[in-house]
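Engineer: The following block contains a protein sequence and its predicted model.
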Amino acid sequence: MDEKAYLLQWIKKVQKRINAGILLRRSLEGLCIGLLIGTLVEVYAYLRPFYYAHVCSILAVVLGLVVGIVIGCVQRRDMHAAAGRIDGFGLKERVATAYEALDSDDRISRLQRSDAVQGLSRVEQSIRIPLQIGWYRLVMPLLLLALMAVFFILPSEARALAKEKHQVDKMIEEKEEEIEEAIQTLENIDKEELTDKEQQQLQDMIDSLESSYNEMQQAETLEDFERANQKLDYRYEQISEALNQMAQNVEQREASNPSDPQATPTPTPTPTPTPAGGPQGQDGQDGDEGDGSQDQNQSGQGQNQNQSGQSQSNATSQQLQQAAQQMNSHLSTGQNNQQQNQNGQNGQNNQNGQNGQNGQNGQNGQNNQNGQNGQDGQQGQSGQNGQDGGQQPGGQDGQQGQGGQQGQGQQPGGQDGQDGGQDGQGGQDGQGGQDGQGGQDGQQGQGGQDGQGGNGNQPGGQGGNQPGGQGQGDGQGDGQGDGNAAGGGGQGQSSGGNGAGSHHDYVSLPNADGDDGDLYGNRMSGEDTGYARYENGVGWAGNHVDYNNVMGEYSERAYQGIESGRYPSGMEDVIKEYFTSFN
Amino acid sequence: MNEYDVMQQKLLACEFEIGREIIGQRDVIRSVMLAILSGGNVLLEGMPGLGKTRLVNTISHVLNLSFKRIQFTPDLMPGDITGTNIMERSESGSAFRFEAGPIFANIILADEINRATPKTQSALLEAMQEHIVTVGNVSHKVPEPFFVLATQNPIETEGTYPLPEAQLDRFMFKIMVPFPTKEELAGIVGLTESVQQGAAQTVLNGDELQQAIQMAKEIKIADAVMDYILDIMMATHGGNKYVREGASPRAAQAIIRGAKARAFMEGRYNVSFEDVDTVVPAVLRHRLILSFDAVSDGVNEDMVVAEIIKNVKAQMVAQNHV
C-alpha cells in the first residue's frame, strides 16, 4: 500500500474513533446536565405549584442532549489531532509531521514519511483509541433519570394546585377574549340613533365589562374566577336586557317619528318597567290575538312585517339586538341550561302553533325579547307553556296555579319573550293586553298573575332568567310585582333576582337610571365604584350593602306587607316560608 | 542507508570518541555536540577542574578542527583576541600587516570569560554572531566552522565582569557542567593518572561537519511542535512572577535549531516534543532575567524553565484532551 494512503487510512480511522468518543461523552454529559435540571424542576414543582414542570423537565433533558450532541460535533477533531494522537504511541511526532508534509515530495519529506510509516507499522497493533466514556458518565444519567422519574410521578398538593391554577388561567384567558369581543361589539354599535342617555348607558355597559375584565385579570384561584364569572354573567344579563330595551326604544322612536329619532327619547329602562303606551295598547291587542288564534297571529305577522320593514332601516336596533344576543350567548353553562330550558319551553309553545308562526316573523326576533316580557304577561297560558317546556315540576306547578306564576317568574318571561319575540312587537304590545289576559289567566290560576309578572317587563324577564327554574319563590316574586302595577316591576325584578338563590351573594344597587327610590344605600354620584369583596360576597358597580342587611330589610318589608294586607290572600305563608328559608 | 543515516552514525561516533576522553558528562557532551551541529556557541559553567578545557580540546581533535584557547584576564585587551595591525618594514617600505589573533580558529575556548572586561568580552560579539572580525577598517572572516566555547566559574565572582545580556544572547546554549559521580570520578582519575592516555580518534572533518549542520537544518518540524515552542517562548514573557525579562526571538531560533539537531542525532527526520524539552533549558537558562521574587525565594533559572515547560505542556494536553 502506498505510504500516503497508509498514513491517511490510519489517521482517518483514529479520527473517527476520537470523534465518536467525543460525541458520546458530550452527549452523555449534556444528558446528565439536562436530567439534573429536569430533576431540579420536578423537585421544585413538587414543592411549589408549577404547571409546566413536566414540559420544562422533558425539554431540559432533550435540550441538554441536543446541546451535548452539538458540542460534540463542534469539538470534532481534525486529522492533525488524530495524527498527533497516533504519535502518542511512541512515534515522536513522526505521523503528524508526515501528515503535514504529505504533499511535499522533497527528499527529506520522503525519508520522513517512510520513517513514519515504518514506525506506525511497528506500533499499529498496539494502537487502541478508547472512547473514554467512563463509568460515571453511564451511571449518572441512570441515577438522575430514576430520580427525575420519581418526582415526575409522585403526586403532590403543589402539582394539583398548579393544575387548577392553569385551568383557571385558561378559563380566564377565554373569558378575557370573550369580554373583549363583547366590548368591541358594544363599541361598534352605531350611536347616532341613540339618545345621550342611552349612549351614556352604553358606555356604562362597556365600563362594566371592562371592570369584569380587570376582575378576571386579578383572579388567581378558581374561587376568584367563579366569583368573577358569576358577576360577569350577571352583567351579561343586565346588559342584554338593557340592550333589548334600548333596541325597543329605538324602534319605538322610529315608529313614532321616523324622521327624527331624537325627538321622543324614551328612557331606557334598565331597571325601570316600560310604561304602557298607546301603541303598546294596540300591540297588546295584537299580541292577544296572536296568542288567541291563527288569524290573530296572521294579523300580528302583518304588523310584524311592517315593523320588519322599519327595523330593516334601523340598523342600530339590529345592532343592539345582536349585541344582546351575543351577551346572552356568553352566559356561562348554568345560564345556558336555563336557556335550553327556555328553548324547551319554546318548543312547547310552538306546539301551540301560533307561536311557531311568530317565530317566522323573524328578523325582529330580537324584538321579541322585549316582547317576550309582554308575552310573559300575555297569558297564563304562556306561563304554563313555559313551565311545561322548562321543567316538569314547573309544568306541574303551572297546573296547580301557582306554578303558573313560577313559570313566568322563572323563564316564561324569557321564554315567552322569545315566543313573543317571534310574535314580534306584538309581544310587547301584549303587555297592554297582558293585563287583560292576565286577568283571565289569573282567574284560571296564578298564571294570570304571572302574566302580569311578565309585564314587569325587563325586571320580570330578568328575574326569571336568573332563577332559571329555581322554584316557586321566583315566580311569586315576579308575579306579585307585576300584578300590582306596572311600576312594581322594579320590585318584581329585585325579588326575582334575589329569589334566584344561586346568586344571592351579589347585591347590586343600580346607580345610574331607574326608579331606585325604593332602594337603600348611598347612591354614587354617577359613577360606579370598583368592586370589592365582602364577607358575604362580592358587590360591584354602585353601592354595596351587606347581604344580611339587604335580606333583613326585604324580609322586614315583606312581613310589613303581610301585615298591611298588601299581598294576595293565601300568599302570606308562601312569603314567610320563603324568607324563613334564608335563615 | 542514506546519507542522513551515514552522517548520523558519524556524529554518534564522534560522541563516542569524545566520551573516551571525557569520563561521564554524557549530557554535557551531547549538548556541546548539539550546539556544534546547530552552528551555535556554548557557554560552559562549572567548577574548576571538571574537564571543560579537556572537553573542548577533545572535540576539536575528534572533529579535526583548529583550536585556540584564550585565557581571559582583567588586563586582556580586545586586540589580544582579534589580532592587530602591526607595522612591518620591508625593502619596499613600511606597511601595516594584520596579525591575526587567537580568534581565528575553528574552535575557540574562551576560558573564564567573565574575568575579562566588558570591552574585551565584546570583542567576541561580532565573531560569534557574524563570524567576522573587524580590525581597523578591514573585516576578516573567521574560518568555518566557527564555534566559541566559553567557560565561567560560578564561584569566585569577585573581580569578575558578568557577561552583558547582549553577549549572553549570542551563546546558543549555556551548559552546566556538574560534578561527576563517584564512579565517573574514579574513571577520570584512572584515566588521567595512568600511563596510558585515552586516545580519541578523529571521525569528522570541517567539511563533513558543515554538511552535517546543513542536514540538521533540513529536519522537519510539525506545526504542533512549533506551536509548543512558541508557547514556551510566550510563557517567558508573562504570567510568571519569577521572570523579569523573557527570552528573545533568538532563543526561539536556538530552540528550533537545537531540537532539529537532536532529532538528527536521534536518527529521526522530524522534531519531537521530547527534542524541544531537551534543549529548552540550555537555551533559556541564561536568557531569562529573574525577578527579585525568584532570588528571594531561592528559585533559579532551571526551576523557572521547568515550571514553564510543565505549564505549557499541561495547557496543550488540556486543549487536546476532550
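Structural biologist: The structure has been received and is ready for your questions. Just so it is clear, the structure is predicted and the values come from calculations on it, not from any experiment.
Engineer: Work out for me the element residue 173 sits within.
Structural biologist: I'll assume chain A. helix A:157-188 (DSSP states H and E).
Engineer: was after chain B, sorry
Structural biologist: strand B:171-177.
Engineer: right, and the helix or strand after that strand?
Structural biologist: According to DSSP H and E, the helix or strand after strand B:171-177 is helix B:182-193.
Engineer: which residues does residue B:275 contact?
Structural biologist: Listed by C-beta atoms under 8 Å, 6 or more residues apart in numbering or on different chains, the contact set of residue B:275 reads B:258, B:259, B:260, B:262, B:263, B:266. Every C-beta, even on glycine, is put in place using the N, C-alpha and C of the backbone.
Engineer: Using a markdown table, please lay out these together with secondary structure and distance to residue A:235.
Structural biologist: Listed next are the contacts of residue B:275 as a markdown table, based on DSSP: H, G, I helix; E, B strand; the rest coil; distance: C-beta to C-beta, whole Å:
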| residue | secondary structure | distance to residue A:235 |
| --- | --- | --- |
| B:258 | helix | 94 |
| B:259 | helix | 90 |
| B:260 | helix | 93 |
| B:262 | helix | 95 |
| B:263 | helix | 93 |
| B:266 | coil | 96 |
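Engineer: per-residue confidence at residue A:417?
Structural biologist: Per-residue pLDDT puts residue A:417 at 33.
Engineer: In contact with the closest residue to residue A:575 other than its chain neighbours, which residues?
Structural biologist: Excluding the flanking residues, the one nearest residue A:575 by C-beta to C-beta, 6 or more residues apart in numbering or on different chains is residue A:558, at 5.2 Å. By C-beta under 8 Å, 6+ apart, the contact list for residue A:558 reads A:575, A:576, A:578, A:579.
Engineer: Show me what counts as buried in the helix or strand where residue A:558 lies.
Structural biologist: Residue A:558 is part of helix A:547-564, with elements assigned from DSSP H and E. By neighbour count on 16 or more other C-beta atoms under 10 Å in any protein chain shown, the buried set for helix A:547-564 is A:547, A:550, A:551, A:554, A:555, A:558.
Engineer: try stretch B:145-155
Structural biologist: Result for stretch B:145-155 [16+ other C-beta under 10 Å]: buried residues B:145, B:146, B:147, B:148, B:149, B:150, B:151, B:152, B:153.
Engineer: check contacts around the closest residue to residue B:316 other than its chain neighbours.
Structural biologist: For residue B:316, ignoring the flanking residues on the chain, the nearest one in space by C-beta to C-beta, 6+ apart is residue B:228 at 6.3 Å. For residue B:228, the contacting residues are B:273, B:276, B:312, B:313, B:316, by C-beta under 8 Å, 6+ apart.
Engineer: got a winner among those for most neighbours?
Structural biologist: residue B:276 (25 neighbours; other C-beta atoms under 10 Å in any protein chain shown).
Engineer: Do you know the pLDDT at that one?
Structural biologist: 94.
Engineer: isn't there a helix covering it?
Structural biologist: Yes. Using DSSP: H, G, I helix; E, B strand; the rest coil, the assignment for residue B:276 is a helix.
Engineer: Is it in contact with residue B:229, as I believe?
Structural biologist: Yes. Counting by C-beta atoms under 8 Å, residue B:276 does reach residue B:229; the two are 5.7 Å apart.
Engineer: Now do the shared contacts for the two.
Structural biologist: With C-beta under 8 Å, 6+ apart, residue B:276 and residue B:229 have common neighbours B:255, B:259.
Engineer: shaky segments in the chain?
Structural biologist: You didn't say which chain, so I picked chain A. Across chain A, the ranges flagged by pLDDT under 70 are A:1, A:257-314, A:332-545, A:583.
Engineer: wrong one, I was asking about chain B
Structural biologist: B:194-198, B:321-322.
Engineer: So if we follow the domain assignment, how does it break up?
Structural biologist: Domain assignment for chain B, taken from automatic domain parsing, gives B:1-218, B:219-322.
Engineer: among those, which is the most enclosed?
Structural biologist: domain B:219-322 (a mean of 19; mean count of other C-beta atoms under 10 Å in any protein chain shown).
Engineer: helices or strands up against the strand holding residue B:173?
Structural biologist: If contacts are counted by 3 or more C-beta pairs under 8 Å, 6 or more residues apart in numbering or on different chains; DSSP states H and E, strand B:171-177 sits against helix B:26-38, strand B:41-46, helix B:249-265, helix B:273-284.
Engineer: and whichever helix or strand residue B:305 is part of, how far out from the chain's middle?
Structural biologist: Residue B:305 belongs to helix B:301-320 when elements are defined using DSSP H and E. Offset of helix B:301-320 from its chain centre (C-alpha atoms, centre = their mean, to the nearest Å): 24 Å.
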